[in-house]
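A.B. asks: for reference, the sequence and a predicted model appear below.
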Amino acid sequence: MERCVPHGPRANWKGFLRLSLVTCPVALYPATSESEKISFNQLNRQTGHRIKYLKVDADTGDEVPNEDIVKGYQLEKDQFIEVSKEELEEIALESTRTIEIDEFVDKAEIDPRYLIRPYYIRPDGKVGHDAFAVIRETIREMNKVAIGRVVLTNREHIIALEPMDKGLVGTLLRYPYEVRSEHEYFDEIQDVKVTKDMLDLARHIVNQKAGTFEPEKFEDHYESALIELINQKRAGEPIVPKDRPKGENVVDLMDALRKSVGGAAAKTEAPKKPAKKTKKAAAAQKEMLMPIAGKKPAKEAAAKKPASGARRKSA
């Protein structure tokens, strides 16, 4: 009889972490997720049915089964070099199965433009925890970031490793050829002399708005607006367009700075009640659509009844 194994997060990669001759098995997991965000399906406006995408031959229009699809590099129009899965596996690098730590750098030296996405790294299984702890604490003690290489989605990535609690956070980094030069965008910006008075006023605004980084305070206003829109449509309420904010050109910069200082001061003196509201709003975003009074919860209602405003599927 098979033992029931509880479902947990699925690792994106499993292999070994190595610092010189110290090696341990590790697993790598995504540190972020967007699965809780509202997502939409594409529908046929005429029938209300979902749109289905097929893989078809560009010339014949015939659907192609997955087993007949291979990768191809385009040399020129209508001329490709086919590359099979087996051929790609033959060029597998050591980083396919091992994160080799190559060097240690100061975190301040890593340009933010090179950062892609973070992953959690922990020991894989019951063995190797001692070696993992040695590597983790060495990085922590040196106050450095460890740079290594790892293969994900058939591509080799640079990965920056930092201690976090009992584990490691590995952030994928871009290669230099993936980062665009700033000169292409910034060269046409005019050289403007900023006066001391302007800087003093601007610094005053910054000081009034100074705070600490607390992600819990952040609210995804667009996500909240989507939830409100969908709930209104479910309830059959009319959708009234909201006024869009209008941007205005600043005519007198000094006058705008002075007014900003006054406005920032007034907000600072106001009681900080909105913090609770923000937390409630953030919590609501983690829930799926809130149930409407007198109706079943969103998931049940969605399963049994089409949303208000949506077309019923034809039999």
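C.D. replies: Perfect, I can see it now. Please read all numbers here as calculations on a predicted model, not as lab measurements.

A.B. asks: show me the shaky parts of the stretch 51-200 of the chain.
C.D. replies: Applying pLDDT under 70 to the stretch 51-200 of the chain flags residues 92, 94.

A.B. asks: mind listing the helices for the stretch 51-200 of the chain?
C.D. replies: Secondary structure of the stretch 51-200 of the chain (DSSP state H, counting those that start in this stretch): helices located at 85-90, 129-142, 183-186, 196-208.

A.B. asks: give me the distance from the first one to the chain's centre.
C.D. replies: Right, the one you point to is helix 85-90. Taking CA atoms, centre = their mean, to the nearest Å, one finds helix 85-90 lying 30 Å from the centre of the chain it belongs to.

A.B. asks: same question for the longest one.
C.D. replies: Once both centres are worked out by CA atoms, centre = their mean, helix 129-142 turns out to sit 28 Å from its chain's centre.

A.B. asks: who touches that helix?
C.D. replies: 17, 19, 22-24, 26, 101, 104, 122-123, 145-146, 161-163, 166-168 (CB atoms under 8 Å, 6 or more residues apart in numbering). Bear in mind the C-beta positions are built from the backbone N, C-alpha and C, glycine included.

A.B. asks: is Arg174 in contact with Ile116, as I believe?
C.D. replies: Yes - using CB atoms under 8 Å, Arg174 is in contact with Ile116, at 6.0 Å.

A.B. asks: how much space separates the closest residue to Val179 other than its chain neighbours from Ala160?
C.D. replies: Leaving aside its chain neighbours, Val179 sits nearest to Arg113 (5.1 Å; criterion: CB to CB, 6 or more residues apart in numbering). Between Arg113 and Ala160 the computed distance is 13 Å (CB to CB, to the nearest Å).

A.B. asks: do the same with Ser84
C.D. replies: Per CB to CB, Ser84 is found 33 Å from Ala160.

A.B. asks: the two: which is more packed in?
C.D. replies: A count of neighbours by other CB atoms under 10 Å puts Ala160 above the other of Ser84 and Ala160, at 19 against 10.

A.B. asks: just to check, the more buried one is in contact with Ala146?
C.D. replies: Yes - if you go by CB under 8 Å, Ala160 and Ala146 touch, sitting 7.2 Å apart.

A.B. asks: run a quick neighbour tally on Glu228.
C.D. replies: For Glu228, the tally of surrounding residues (other CB under 10 Å) stands at 13.

A.B. asks: so where does it fall, helix or strand?
C.D. replies: helix 221-234 (DSSP states H and E).

A.B. asks: state the mean pLDDT of that helix.
C.D. replies: The average pLDDT within helix 221-234 is 88.

A.B. asks: ok, now stretch 19-29?
C.D. replies: Stretch 19-29 shows an average pLDDT of 94 in the prediction.

A.B. asks: show me the strands in the stretch 151-300 of the chain, by range?
C.D. replies: 155-164, 167-173 (DSSP state E, counting those that start in this stretch).

A.B. asks: circling back: so the residue nearest to Val179 touches Pro176, yeah?
C.D. replies: No - judged on CB under 8 Å, Arg113 makes no contact with Pro176 at a distance of 10.1 Å.

A.B. asks: with neighbour numbers in mind, choose between the two.
C.D. replies: Comparing Arg113 with Pro176 by other CB under 10 Å, the one with more neighbours is Arg113, at 11 against 7.

A.B. asks: could you measure from the residue nearest to Asp197 when sequence neighbours are not counted over to Met198?
C.D. replies: Sequence neighbours aside, Met254 is the residue nearest to Asp197 in space, at 7.0 Å (criterion: CB to CB, 6+ apart). To Met198, Met254 is 7 Å away according to CB to CB.

A.B. asks: what does Cys24 give?
C.D. replies: Distance, Cys24 to Met198, by CB to CB: 55 Å.

A.B. asks: higher neighbour count, the two?
C.D. replies: Neighbours of Cys24 and Met198, each counted by other CB under 10 Å, are more numerous for Cys24; the result is 21 against 13.

A.B. asks: distance from whatever helix or strand the more buried one lives in to the middle of the chain?
C.D. replies: Taking DSSP H and E as the criterion, Cys24 maps to strand 22-30. Offset of strand 22-30 from its chain centre (CA atoms, centre = their mean): 22 Å.

A.B. asks: tabulate the CA atom coordinates of that strand in PDB.
C.D. replies: Output of strand 22-30 as PDB, limited to C-alpha atoms (Å, rounded to 0.1, in the frame of the first residue of the first chain):
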ATOM      1  CA  VAL A  22      32.000  21.100  -0.200                       C
ATOM      2  CA  THR A  23      28.900  19.700  -1.900                       C
ATOM      3  CA  CYS A  24      25.300  19.200  -0.900                       C
ATOM      4  CA  PRO A  25      22.000  18.300  -2.700                       C
ATOM      5  CA  VAL A  26      19.600  21.200  -2.900                       C
ATOM      6  CA  ALA A  27      16.200  22.100  -4.400                       C
ATOM      7  CA  LEU A  28      15.300  25.500  -5.900                       C
ATOM      8  CA  TYR A  29      11.800  27.000  -5.600                       C
ATOM      9  CA  PRO A  30      10.200  30.200  -7.000                       C
END
